[in-house]
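Chemist: Sequence below, structure please.
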Amino acid sequence: MKKILLSLATIVVVAGVAAGGTVAFFNDTETSTGNVFTAGSINLTVDSQGSSYNGNSLLGTNFPATDLDQEHFFVFEDIKPGDYGVRNISLHAEANPAYACLFIANKDDQENVIVDPEAEAGDTDTPDGELSQRLQLFAWEDRDGDQRYEPLSPNFEPPLMHDGPSSSPDSFFDITYEIFFDSTSGLSPLIQNNVRHIGLAWCAGTQTVVHDNSDGNITCNGSGMGDDSQTDSFEADVVLYAEQVRNNPNFECADVVLLPN
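Modeler: Below you'll find the predicted structure:
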């Protein structure tokens, strides 16, 4: 009998150990479902709601905010010394803050033919023409969008820098890029839902920009466009480039390398 009882005691002890191994502790589980990373976007759209030629408004040349495709900023078939014009464009950052630059790319000067006045002016270059050297451009932030450069109070419309002096016009021949809003410009970048207006004033000849008057500060003198540019044509791409601001504090337009078309 003692042997039997001892065996039963042993069984009880073993059973107790087994029961202790299955005790459940309090716990809780929370699950975050459907985690997603989605890349943001930089979408620059451009519109133009104002343009003029020799002081007269151009009709039928405006377009709404769009991704540029076949839109043109400048199409002039028969310019003469002293001709001038202004094109207002507006930049929209549709999603995220962005820096912005303008580039004059794929320049193509054509001599076409050399007529007598050109030859008499000493023009013998073919096939390259001189017209891009005789066309000057000045850009500014046209904050009220009225196509007038107003650098003083109350508008304080700043000139936009390019690879020459920021306060002076330059020829299309010399312009590689314009700094609109980059880390060096001192101007705030594009922000979504905040339209920024840019004025582009061109001149066939010598353009003069005055910075200490409130209005009427851009004039054009045709004496800077000589007979050597007769019959010449100039074609180029106007490239507007945008790049994200976030995590990119040192962006400069000068560092951008455009891919060839």
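
Chemist: What's the first helix or strand after the helix or strand bottoming out on mean pLDDT in the chain?
Modeler: Least confident helix or strand of the chain, by mean pLDDT, DSSP states H and E, is helix 2-20 with a mean of 48. Using DSSP states H and E, the helix or strand that follows helix 2-20 towards the C-terminus is strand 44-53.

Chemist: Tell me how many other residues crowd residue 123.
Modeler: By other Cβ atoms under 10 Å, the residues close to residue 123 number 21. In short, each C-beta sits where N, CA and C put it, glycine included.

Chemist: ignore the last one, residue 139
Modeler: Neighbours around residue 139, by other Cβ under 10 Å: 25.

Chemist: And for the one 10 residues further on?
Modeler: Counted by other Cβ under 10 Å, the residues lying close to residue 149 total 26.

Chemist: List the buried residues of stretch 105-122.
Modeler: The neighbour-count check on stretch 105-122 (16 or more other Cβ atoms under 10 Å) flags 109, 111, 114, 118 as buried.

Chemist: Spit out the contact partners of the last one.
Modeler: So that's residue 118. 227, 228, 229, 230, 231 (Cβ atoms under 8 Å, 6 or more residues apart in numbering).

Chemist: Dump those to a markdown table, plus secondary structure, distance to residue 31 and neighbour count.
Modeler: Output for the contacts of residue 118, formatted as a markdown table (DSSP: H, G, I helix; E, B strand; the rest coil; distance: Cβ to Cβ, whole Å; neighbours: other Cβ atoms under 10 Å):
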| residue | secondary structure | distance to residue 31 | neighbour count |
| --- | --- | --- | --- |
| 227 | helix | 80 | 15 |
| 228 | helix | 77 | 22 |
| 229 | helix | 73 | 25 |
| 230 | coil | 77 | 22 |
| 231 | coil | 75 | 15 |
